[in-house]
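Asker: need coordinates for the below:
(2 chains)
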Amino acid sequence: MLSTERTKTNSNMIITISTSSNHQLSSSLAETIANNDDLLTELFLCMPIKSLLIFKSVSKQWLSLITNPCFSYRRTPIPKSIVGLFVYNHLRSQQYDFINLTSSDLSDPPFQPLTFLNNSILQSCHGLMLLCSDNYCQLPINEVFNAIYGVNLAYDPSKSPHYKVIFVWSYENSEEGDFLIEIYSSKTGSWRKSISLHIMKLILDLGSLYFDVDEEKVHDLPMSDTIDVHYRRRFRYFGESRDHLHLIEIYGPCTALFYVYEMERHYSRWMVKYRVDLLAVAVAFPEMVRSHPLDIRKYGFLIHPVVREEEDEDSYFLVHIPNKPMRYNFKDKSFEKVHEFAPSNASKSLNVMIRIKPVKSEISRITNFNILMTRREMADHIESIIIKVIDDIFENLLKTWWVTRISRSGEEGNCVWRTVAWRRGQKNRRGEQRLGGKRSAPSAAVNGEERDEIDGKWESGFVNDDVGPKISLGRTQSDRIWASTGLRPK
Amino acid sequence: MSTAATADASSSGDTTEGSVRLLTLQSEDGEVFEVKETIATQSVTIKGMVDDDCATSTIPVCNVTGRTLAMVIEWWNKHEIGAVSNEKELKEWESQFDTIDDKSDRDDVYDLLMAANYLNIPTLLDCCTSAVAEAIKGKSTDEMREFFDIKSDFDEKEEDALRKENQWAFEN
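Answerer: The predicted model follows:
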């Protein structure tokens, strides 16, 4: 608990003090303690977080001790196991529900649930959250961009209190496979260009690469032999747990059978770590089975983190089927429901009919649809909803699609809609293109995972398979249609 | 908390007791204690001195009063390996340090905390910090300032901003 360095200092002190017989004890012991940074730090380490937040305003000395990154790290070293998760509640706009994953009641999150106004969580890393806002954007985009491929946090409190944000994008009209990586550093508070690179199509389709944030270099990363080149890759999950990096991609016709890959040490390759079979889950919860006009069996689910436990047989992941996050154990294949999303209070909601005018005349058939809004949402000054407008899903198989963001402002009943659309069609196979006004990054397009909305008639996956890897979409019972794009470039 | 019993070793006049070496400690107010080296080296500071051969004559423990030093020695005796047969008994004995009921308790804990920090006795320091932490954890900013006799060096604006930033902690 106490460092040897301190021991040395104390032992020196004792010798020094023994020669000085006039040393006087402070009249107020309390004051002495309050002025002793070492002792105060020891005291603060025993404090609950709430007290620490209050004690920040005691004095500048206390504030500086409590906010010192070394103190934060000593108090909360990187936890080996996660205690809980914030999971997007698709039934309540902009709300994240907390799911306690420990058996104890010890975790007492200050925000339960967590509600962001016009913000969504893109990613989190050791307690930091990367948020995406509809209202402002600090991404380093000066040029007109073609597509955003990923925004990621890099943060390791055991190495440095500073974090970096890695941003991968491409210019408008750039060649397929051209990427630009920019890095934001919290140390300098600014963005800078790191590297630009060209990645061959073969690697994009079949291989993988990794970007070393310290070296700022891209390296090859062989895939496992188990990947089936005959099927399109369907990216599902990428994340770290207990110093293990995991990847989930789904190949093949049955989306309920797949592997969890683990990165080998020294980034040498992806290896199969677990084999997952969700068919039993689908039997127990048939709502995850999707019908498809071509009679292909599809399963609707999202994967939240892969969690490694101390004993490997306890490792699990959260598989999120409509309304119910389930804990699925890799070893014994058991599963249990860990949460159920509560729907919005129906009595408080009202229906608003929105007719969206085409952004461009080439959008031929636009469907009308209802959006369920709560009164609370209506009362919010600005409401923002991402809606996917689909031009006849079955006839056209989504050769063209739009993501439309609608902002509402002003008085109730006097909605001002701003439509920003990204179109994906034959002309531009690669990525999104802005059709709307001067807007910054599309919020939904930068997520590292496909954030399929799940509820009711959810159509995850097949559009993704047919048109390209970058799209997935969901359709909810309330006719809210959501979409997001995946991280990986085609 | 009970006041400390007279330290066992203080009555011994010899500098050695069998093969065990005795160390002489002198408190700030001149009280002299003779303590077995094996016990006193629970203090990392004293152990350092013993290792460096600096413990041959009387060791002045300048920041600690005789009363407190006696309590520290009692702590050492209880924590000597083999002194208490089971862990439970030790925890029960230690629990007297966990609660601060009145002012004299508080002063005792402060004294012990200072001594534990000064002599670098990790087990005692842990115990005292948790006791103090327990006593102050529910307190408000103003109560803390009074408790530790601290004057705020924030101006009103800064303090408001801090409170606003940590609103959640102040709410409940």
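Asker: rest of the way, CA atoms for contacts and neighbours
Answerer: Fine.
Asker: which stretches of chain B form helices?
Answerer: Assignment of helices within chain B using DSSP state H yields the ranges B:37-40, B:44-51, B:66-79, B:87-94, B:103-119, B:122-136, B:141-148, B:156-165, B:167-171.
Asker: again, but for chain A
Answerer: Counting by DSSP H, the helices of chain A are A:4-18, A:29-34, A:37-45, A:49-55, A:60-67, A:69-75, A:201-206, A:279-284, A:375-379, A:393-396, A:462-467.
Asker: can I get the helices of chain B in a markdown table including distance to chain A?
Answerer: Shown next, in a markdown table, are those (distance: least, Cα to the nearest Cα, whole Å):
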| stretch | distance to chain A |
| --- | --- |
| helix B:37-40 | 14 |
| helix B:44-51 | 5 |
| helix B:66-79 | 13 |
| helix B:87-94 | 17 |
| helix B:103-119 | 7 |
| helix B:122-136 | 5 |
| helix B:141-148 | 5 |
| helix B:156-165 | 6 |
| helix B:167-171 | 5 |
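Asker: would you mind giving these as a markdown table with mean pLDDT and mean neighbour count added?
Answerer: Formatted as a markdown table, the entries for the helices of chain B read as follows, by pLDDT from 0 to 100; neighbours: other Cα atoms under 10 Å in any protein chain shown:
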| stretch | mean pLDDT | mean neighbour count |
| --- | --- | --- |
| helix B:37-40 | 86 | 20 |
| helix B:44-51 | 87 | 20 |
| helix B:66-79 | 86 | 21 |
| helix B:87-94 | 70 | 12 |
| helix B:103-119 | 80 | 21 |
| helix B:122-136 | 84 | 20 |
| helix B:141-148 | 85 | 16 |
| helix B:156-165 | 88 | 13 |
| helix B:167-171 | 77 | 13 |
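Asker: tell me the spacing between residue B:26 and residue B:114.
Answerer: Using Cα to Cα, to the nearest Å, one obtains 16 Å as the distance from residue B:26 to residue B:114.
Asker: find the nearest non-adjacent residue to residue B:55, please.
Answerer: When the adjacent residues along the chain are set aside, residue B:55 lies closest to residue B:49, with 5.6 Å between them (Cα to Cα, 6 or more residues apart in numbering or on different chains).
Asker: state which strand of chain B is the longest.
Answerer: Among the segments of chain B that qualify as a strand by DSSP state E, the longest is strand B:20-27.
Asker: that one and chain A, are they touching?
Answerer: No: contact check for strand B:20-27 against chain A, using Cα under 8 Å from any Cα of the partner chain: none in range, with a minimum separation of 10.3 Å.
Asker: may I see the buried residues of that strand?
Answerer: Within strand B:20-27, the residues that qualify as buried are B:22, B:23, B:24, B:25, B:26, B:27, counting by 16 or more other Cα atoms under 10 Å in any protein chain shown.
Asker: burial count for the spatially closest residue to the third one that is not a sequence neighbour?
Answerer: Leaving aside its chain neighbours, residue B:24 sits nearest to residue B:34 (4.5 Å; criterion: Cα to Cα, 6+ apart). One way to gauge burial is a neighbour count; for residue B:34, by other Cα atoms under 10 Å in any protein chain shown, it gives 24.
Asker: quick one: pLDDT of residue B:34?
Answerer: At residue B:34 the predicted local confidence, pLDDT, stands at 88.
Asker: so it sits against residue B:21, correct?
Answerer: No: the pair residue B:34 and residue B:21 does not pass the contact test of Cα atoms under 8 Å, sitting 9.8 Å apart.
Asker: residue contacts, the nearest residue to residue B:138 once chain neighbours are set aside?
Answerer: Sequence neighbours aside, residue A:51 is the residue nearest to residue B:138 in space, at 6.6 Å (criterion: Cα to Cα, 6+ apart). Under the criterion of Cα atoms under 8 Å, 6 or more residues apart in numbering or on different chains, the contact list for residue A:51 reads B:137, B:138, B:139, B:169.
Asker: filter these down to the buried ones.
Answerer: Those of the contacts of residue A:51 that meet the buried threshold are B:137, B:169, by 16+ other Cα under 10 Å.
Asker: hmm, back to that, want to throw the buried residues of strand B:20-27 into a markdown table with distance to residue A:318 and pLDDT?
Answerer: As requested, the buried residues of strand B:20-27 are exported to a markdown table (distance: Cα to Cα, whole Å; pLDDT from 0 to 100):
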| residue | distance to residue A:318 | pLDDT |
| --- | --- | --- |
| B:22 | 62 | 85 |
| B:23 | 61 | 87 |
| B:24 | 63 | 88 |
| B:25 | 61 | 88 |
| B:26 | 62 | 88 |
| B:27 | 61 | 89 |
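Asker: out of the helices of chain B, nearest to residue A:211?
Answerer: Ranking the helices of chain B by distance to residue A:211, with Cα to Cα as the measure, places helix B:156-165 first at 35.7 Å.
Asker: which elements pack onto that closest one?
Answerer: Helices and strands in packing contact with helix B:156-165 are not found; criterion 3 or more Cα pairs under 8 Å, 6 or more residues apart in numbering or on different chains; DSSP states H and E.
Asker: what about 10 Å?
Answerer: In this structure, helix B:156-165 packs against helix A:49-55, helix B:167-171, with contacts taken as 3 or more Cα pairs under 10 Å, 6 or more residues apart in numbering or on different chains; DSSP states H and E.
Asker: that helix vs helix A:60-67, what angle?
Answerer: Between the axes of helix B:156-165 and helix A:60-67, defined by axes from the mean of the first three to the mean of the last three Cα atoms, to 10 degrees, the angle is 30 degrees.
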